[in-house]
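Asks: no FASTA, just this:
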């Protein structure tokens, strides 16, 4: 009789594990920037509330079946842009693909005094924003969302930064922009 109870308990456990596995699906959140695969932070928030699940970008991962709000943050970009996709349905036993593309600029800010490139650092922000992004090194490329920015340039050896009121960064472009210093 004990053997019968043990076998029954074992079968119940196997059935419970099988049911739990059947309630899982896979999701692959493919993240690109200007069409090229990139890493990002990806969170799946259950539509009905509950615990947020973090998954690796560009890799299929098992998650509980259900409907999710997908939030991707492009941490490779200076301004950490965020894209979302609502109502992503993950079915038990199936794989769901989600594609999110960021349009960012690959920008190199070249600090110049006359006709000479000078080393230094640049911080940028949207006009009127309180938080500066960066700093980045003059002459080194970085990713950022396109738009209008203000810049604060500190040339190597300078006693104070130089303010530049308008830096126009084109969305999705690769640019080398000179920043002219007095």
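Replies: Looks like it arrived, so ask away. On a predicted model such as this, the values are computed, not experimentally measured, just so you know. Numbers count the residues shown, from 1 in each chain.

Asks: my read: residue 110 touches residue 178, true?
Replies: Yes. Here residue 110 reaches residue 178: they are 4.8 Å apart, a contact under C-beta atoms under 8 Å. Every residue, glycine included, has its C-beta placed from N, CA and C.

Asks: So which of those two has more stuff around it?
Replies: Using other C-beta atoms under 10 Å, the more surrounded residue of residue 110 and residue 178 is residue 110, with 15 against 11.

Asks: ok, the more buried one - contacts?
Replies: Neighbouring residues of residue 110 by C-beta atoms under 8 Å, 6 or more residues apart in numbering: 117, 138-139, 176-179.

Asks: Columns pLDDT and secondary structure on top of those residues, output as JSON lines?
Replies: Formatted as JSON lines, these follow (pLDDT from 0 to 100; DSSP: H, G, I helix; E, B strand; the rest coil):
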{"residue": "117", "pLDDT": "97", "secondary structure": "strand"}
{"residue": "138", "pLDDT": "98", "secondary structure": "coil"}
{"residue": "139", "pLDDT": "97", "secondary structure": "coil"}
{"residue": "176", "pLDDT": "97", "secondary structure": "strand"}
{"residue": "177", "pLDDT": "97", "secondary structure": "strand"}
{"residue": "178", "pLDDT": "97", "secondary structure": "strand"}
{"residue": "179", "pLDDT": "97", "secondary structure": "strand"}
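
Asks: Show me which of those is closest to residue 84.
Replies: Each of the contacts of residue 110 was scored against residue 84 by C-beta to C-beta, and residue 177 proved nearest at 30.0 Å.

Asks: Which helix or strand contains the residue lying closest to the closest one once chain neighbours are set aside?
Replies: Closest residue to residue 177 apart from its sequence neighbours, by C-beta to C-beta, 6 or more residues apart in numbering: residue 109 at 5.6 Å. Per DSSP states H and E: residue 109 is located in strand 105-113.

Asks: Paired strands for that strand, with orientation please.
Replies: Applying DSSP bridges, strand 105-113 is found paired with strand 116-117 (antiparallel), strand 142-144 (antiparallel), strand 174-181 (parallel).

Asks: re the thing from before, surely the residue nearest to residue 177 touches residue 138?
Replies: Yes. Using C-beta under 8 Å, residue 109 is in contact with residue 138, at 6.1 Å.

Asks: Of these two, which one has the most company?
Replies: The neighbour count for residue 109 versus residue 138, taken as other C-beta under 10 Å, is higher for residue 109 (27 against 22).

Asks: got the contact list for the more buried one?
Replies: 122, 136, 138-139, 151, 167, 177, 179.
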